[in-house]
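Visitor: just to be clear, the model below is a prediction. Sequence and coordinates:
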2 protein chains.
Amino acid sequence: MREVFQQELREVQERLVKIAELVEAAIENATAAFGNSDVALAEQVLDGADEIDVLAAQLDQLTIDILARQQPVASDLRLMVGALRMSASLERMGDLAQHIAQLARYRYPESAIPKGLKKIFVRMGALDVEMASKIVELLGTQDPRVIEEVRDLDDDLDELHAKVFEKVLSDKLAANPMGAVDATLASRYHERFGDHAVSIAKQVQFFLHGTLD
Amino acid sequence: MREVFQQELREVQERLVKIAELVEAAIENATAAFGNSDVALAEQVLDGADEIDVLAAQLDQLTIDILARQQPVASDLRLMVGALRMSASLERMGDLAQHIAQLARYRYPESAIPKGLKKIFVRMGALDVEMASKIVELLGTQDPRVIEEVRDLDDDLDELHAKVFEKVLSDKLAANPMGAVDATLASRYHERFGDHAVSIAKQVQFFLHGTLD
């Protein structure tokens, strides 16, 4: 019985890693689609979103089954509760990648990035991709150093998010309401993506130490 | 033992209702602060946000304790899993009310609502308040009819969200990038608030019927 349970816990962990890998691919492609106005790549992200949702729902079902059958306690219980929360965050990160891809598609063949903001958005996208990649690593290794790395990356992201608003509200973007809307939404999506990565890092910390801070 | 457990389940439900009531008050005040540029009311929402976070964290802890001690199955287990998800949604709804209050405070003594959008935002705010009130009702009564009502209100909200973008991208708002940013963010916050209300309604459905759809 115990061995079956250990196998099931590994299964939960592997599925989390698998979903995180899909999220990483989604944000990488969404960022490229947004930066290069690549509508084919945007479509690819939009088509792939269902897979993340389905895998997250299946993982939730597995987790609830394990809770019912194995009635875990202590760190095993924390892993199950954490898995439910992390699958919700991963699903949401997939949604946000999809929203970014959608902006690219809506504006095609124009760019969704207003002039003067290209560099910032390339950097925000790169930070999101790096955070997603760190989450894949963290879920696979549970290395606590990665938790700090994710938090640091999120600080950088928040700075860029503030910078986007500065730029949007500067004179250069006046009389370009569509650019202002796109930049506001895209920046918000990137920032929320980072917030969810931090949430996942906190869940791993909760699993490792029993505390969220 | 069984009686203690029933008492604990009631406690979980009562705490969810209590948090939902705080969220309802927060969105009601945030909407009023945003609509009337009432900075004192905005501060009140910002000050109250901690209470929602603390109560949600305490509820999570209680839920995890119950999972560990009582090892519930079937609908009791679904209620525990649902409680974790619903507390996350309620906390997020509190955050979104806070974001709306923050917009009001940032722009004070100006209005955060660009000209021509006042009516739409009053209506969006009223819909969010109504949805929060329905969630309080639903958590207290588990009346399945309320689930449908929440979904219908969300459809209305989504329509208004689309209308905000139409207006922002129309000529009237050109040369007002700050208005475009504020309207974009506020509309997005209102829409996400509604999404979380629908998530909670789905969780109650999951509890009642074991299915999310």
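Guide: Yes, it's here. Not measured: the values here are computed from a predicted model.
Visitor: and chain A, which of its residues are near chain B?
Guide: Those residues of chain A that sit near chain B, judged by CB under 8 Å from any CB of the partner chain, are A:57, A:64, A:67-68, A:71, A:73-74, A:77-78, A:81, A:84-85, A:88, A:165, A:168-169, A:173-178, A:180-181, A:184-185, A:188, A:212. C-beta here means a position set from N, CA and C on the backbone, and glycine is covered the same way.
Visitor: which residues in chain A form strands?
Guide: Under the criterion DSSP state E, strands are not mapped anywhere in chain A.
Visitor: quick one: contacts for the spatially most central residue of it?
Guide: Centroid-nearest residue in chain A: A:Met93, 3.4 Å away (criterion: CA atoms, centre = their mean). Residues in contact with A:Met93, defined by CB atoms under 8 Å, 6 or more residues apart in numbering or on different chains, are A:23, A:26-27, A:132, A:193, A:196-197.
Visitor: burial count for the closest residue to A:Glu130 other than its chain neighbours?
Guide: Nearest-residue entry for A:Glu130: A:Leu153, 5.9 Å, with adjacent residues in sequence omitted and distances by CB to CB, 6 or more residues apart in numbering or on different chains. A count of neighbours around A:Leu153, defined by other CB atoms under 10 Å in any protein chain shown, yields 21.
Visitor: any idea how far A:Leu153 lies from A:Val198?
Guide: 9 Å (CB to CB, to the nearest Å).
Visitor: try A:Ala40
Guide: From A:Ala40 over to A:Val198 (counting by CB to CB), the distance is 32 Å.
Visitor: do A:Ser111 as well
Guide: For A:Ser111, the distance to A:Val198 - CB to CB - is 29 Å.
Visitor: again with A:Asp155
Guide: Using CB to CB, we find A:Asp155 at a distance of 10 Å from A:Val198.
Visitor: okay, those two: which has more neighbours?
Guide: A direct count of neighbours by other CB under 10 Å for A:Asp155 and A:Val198 places A:Val198 higher, at 19 against 11.
Visitor: leaving out the residues flanking it, which one is nearest to that one?
Guide: For A:Val198, the nearest residue in space outside its immediate sequence neighbours is A:Asp154; the separation is 5.0 Å by CB to CB, 6+ apart.
Visitor: correct me, but A:Val45 touches A:Glu28?
Guide: No - contact status for A:Val45 versus A:Glu28: not in contact, 9.3 Å apart, counting by CB atoms under 8 Å.
Visitor: more neighbours: these two, which one.
Guide: In this comparison of A:Val45 against A:Glu28, neighbours counted by other CB under 10 Å, the higher total goes to A:Val45 at 27 against 19.
Visitor: ok, the more buried one - contacts?
Guide: With contacts defined as CB under 8 Å, 6+ apart, the neighbours of A:Val45 are A:26, A:29-30, A:33, A:97-98, A:100-101.
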